[in-house]
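Colleague: Model the structure of this input:
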Amino acid sequence: MSDAAQAGTPRMNMIQAINSAMDVMMERDPNMVVMGEDVGYFGGVFRATAGLQAKYGKTRAFDTPITEIGIIGVAIGMGAYGLRPVPEIQFADYIYPALDQLVSEAARLRYRSNGDFTSPITVRSPYGGGIFGGQTHSQSPEGIFTHVSGIKTVIPSTPYDAKGLLIAAIEDNDPVLFLEPKRIYNGPFDGHYDRPARNWTAHPASEVPAGHYRVELGKAATVREGEAVTILCYGTMVHVVASTVEEMGVDAEIIDLRTLVPLDIDAIEASVKKTGRCMIVHEATRTSGFGAELAALVQERCFYHLEAPIERVTGFDTPYPHSLEWAYFPGPVRIGEALKKILKD
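Modeller: Numbering: from 1, shown residues only. Model (predicted):
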């Protein structure tokens, strides 16, 4: 047992850590409100807001109609008037109706008003595949938002990071999109869908302090140090990559980006210059995915250190398939093939 566990630090899965972050912030800041479809009495479809309405009342944790553009539009107005809203979009696949409000209003408000108004909203949304959700409950739209100036994009991969990053996002005075990889809500996933599921209990990052703490936005984490290749990833892919590397015996350095915007380019540059090789893994479709931006940045900054072409392992340029999910999902087979190729070059 770790020192933290012996000292009484509670163990949490990612849902509990996210709930704890909102609970801590609602207790500290009476201007914080939680809103969205079924987030009040029901506690959300994944129970991430369970108990908040009972504790803080119906004016601070409340249900909304099924209108994503309305949820975000109202949240922007609330933020401009001094509240600190945390709206939930039930699945990231349904965020598109709110795109205009997020892009044209939330992201631009500080600039358009010359700093007179800000949009201190944190939009929470489960994203990603691996749950047999089909094309309407499995998408990874992060690349759309990283293209928009004025919005921060955050994706945790562990319960500890989820709580600390969410607190940092809520305390930020500009809009943050907080995407939660739902495949690892209840436990890390090694990419082997035919193996028994694991929970977070045995993972060291399930030790989550009960009180307030922050994980700084814009700081990547080195999950594993290595010399042979740098692997850039985030969300569920952090665990799939780590398991694949271990099974193959590859001396890879794994960088968990944690926040895509702002991006910790210094950590990326230092790692790639050390290893001389770079591989990028994400669930989202390949064309114009965030991996393309990462590849361009690495090429610009590390060209003379690269010993092989940059590799990308991503989703395909198709709607997310239900029956062929594990062909689409970047798993151990495709990651392993890419590792063999980049190490051979």
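Colleague: and the end-to-end length of stretch 317-326?
Modeller: 15 Å (C-alpha to C-alpha, to the nearest Å).
Colleague: Tell me which residues of it come out buried.
Modeller: Under the neighbour-count criterion of 16 or more other C-beta atoms under 10 Å, stretch 317-326 has Tyr320, Pro321, Glu325, Trp326 buried. In short, each C-beta sits where N, CA and C put it, glycine included.
Colleague: just how off-centre is that stretch within its chain?
Modeller: Remark: stretch 317-326 is offset 21 Å from the chain centroid, using C-alpha atoms, centre = their mean, to the nearest Å.
Colleague: out of the buried residues of stretch 317-326, which are inside helices?
Modeller: Among the buried residues of stretch 317-326, the subset assigned to helices under DSSP state H consists of Glu325, Trp326.
Colleague: ranges for the helices of the stretch 1-150 of the chain?
Modeller: Secondary structure of the stretch 1-150 of the chain (DSSP state H, counting those that start in this stretch): helices located at 3-6, 14-28, 52-56, 68-80, 99-100, 109-112, 142-146.
Colleague: Next: the stretch 151-300 of the chain.
Modeller: Using DSSP H, counting those that start in this stretch, helices in the stretch 151-300 of the chain cover 159-171, 236-248, 265-275, 290-302.
Colleague: Export only the CA atoms of the first one, formatted as CSV.
Modeller: The reference is to helix 159-171. Taking C-alpha atoms only, helix 159-171 is exported to CSV below (Å, rounded to 0.1, in the frame of the first residue of the first chain):
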residue,chain,number,x,y,z
PRO,A,159,-8.7,10.2,-11.8
TYR,A,160,-6.0,12.3,-10.2
ASP,A,161,-5.5,14.4,-13.3
ALA,A,162,-9.2,14.6,-13.9
LYS,A,163,-9.9,16.3,-10.6
GLY,A,164,-6.9,18.6,-10.6
LEU,A,165,-7.4,19.6,-14.3
LEU,A,166,-11.1,20.2,-13.8
ILE,A,167,-10.5,22.4,-10.8
ALA,A,168,-7.9,24.4,-12.8
ALA,A,169,-10.4,24.6,-15.7
ILE,A,170,-13.2,25.9,-13.5
GLU,A,171,-10.9,28.5,-12.0
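Colleague: what's the most buried one of the helices of the stretch 151-300 of the chain?
Modeller: helix 159-171 (a mean of 25; mean count of other C-beta atoms under 10 Å).
Colleague: Please list the outside residues in contact with it.
Modeller: By C-beta atoms under 8 Å, 6 or more residues apart in numbering, the residues outside helix 159-171 that reach it are 12-14, 16-18, 20-22, 24-25, 32, 84, 86, 122, 124, 152, 154, 156, 176, 178, 180, 200, 205-209, 212-217, 221, 256, 258-259.
Colleague: Kindly report the same for stretch 299-319.
Modeller: 129, 135, 140, 265, 269, 272-273, 276-287, 289, 291-292, 295, 298, 328-330, 334-335, 338, 341-343, 345.
Colleague: In CSV: the buried residues of stretch 317-326, plus pLDDT and distance to Ala54.
Modeller: CSV is the format used below for the buried residues of stretch 317-326 (pLDDT from 0 to 100; distance: C-beta to C-beta, whole Å):
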residue, pLDDT, distance to Ala54
Tyr320, 95, 36
Pro321, 94, 40
Glu325, 95, 37
Trp326, 95, 40
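Colleague: List the buried residues in stretch 220-234.
Modeller: Buried residues in stretch 220-234 (16+ other C-beta under 10 Å): Ala220, Ala221, Val223, Arg224, Gly226, Ala228, Val229, Thr230, Ile231, Leu232, Cys233, Tyr234.
Colleague: from those residues, which ones fall inside strands?
Modeller: The members of the buried residues of stretch 220-234 that map onto strands under DSSP state E are Ala221, Val223, Arg224, Val229, Thr230, Ile231, Leu232, Cys233.
Colleague: What's opposite the first one in the beta bridge?
Modeller: Bridge pairing for Ala221 (DSSP bridges) gives the partners Asp256.
Colleague: Would you confirm that it contacts Arg258?
Modeller: Yes. Counting by C-beta atoms under 8 Å, Ala221 touches Arg258, with 5.9 Å between them.
Colleague: dump the residue contacts of the nearest residue to Asn13 once chain neighbours are set aside.
Modeller: Spatial nearest neighbour of Asn13, chain neighbours left out: Trp200 (4.6 Å); criterion: C-beta to C-beta, 6 or more residues apart in numbering. Trp200 makes contact with Arg11, Met12, Asn13, Met14, Pro159, Asn186, Gly187, Pro188, Ser206 under the criterion C-beta under 8 Å, 6+ apart.
Colleague: I'd like those laid out as JSON lines, including pLDDT.
Modeller: Output for the contacts of Trp200, formatted as JSON lines (pLDDT from 0 to 100):
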{"residue": "Arg11", "pLDDT": "96"}
{"residue": "Met12", "pLDDT": "98"}
{"residue": "Asn13", "pLDDT": "98"}
{"residue": "Met14", "pLDDT": "98"}
{"residue": "Pro159", "pLDDT": "98"}
{"residue": "Asn186", "pLDDT": "97"}
{"residue": "Gly187", "pLDDT": "97"}
{"residue": "Pro188", "pLDDT": "97"}
{"residue": "Ser206", "pLDDT": "97"}
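Colleague: if we can go back for a sec, which ones among the contacts of helix 159-171 map onto strands?
Modeller: Per DSSP E, strands hold the following members of the contacts of helix 159-171: 32, 84, 86, 122, 124, 152, 154, 176, 178, 180, 221, 256, 259.
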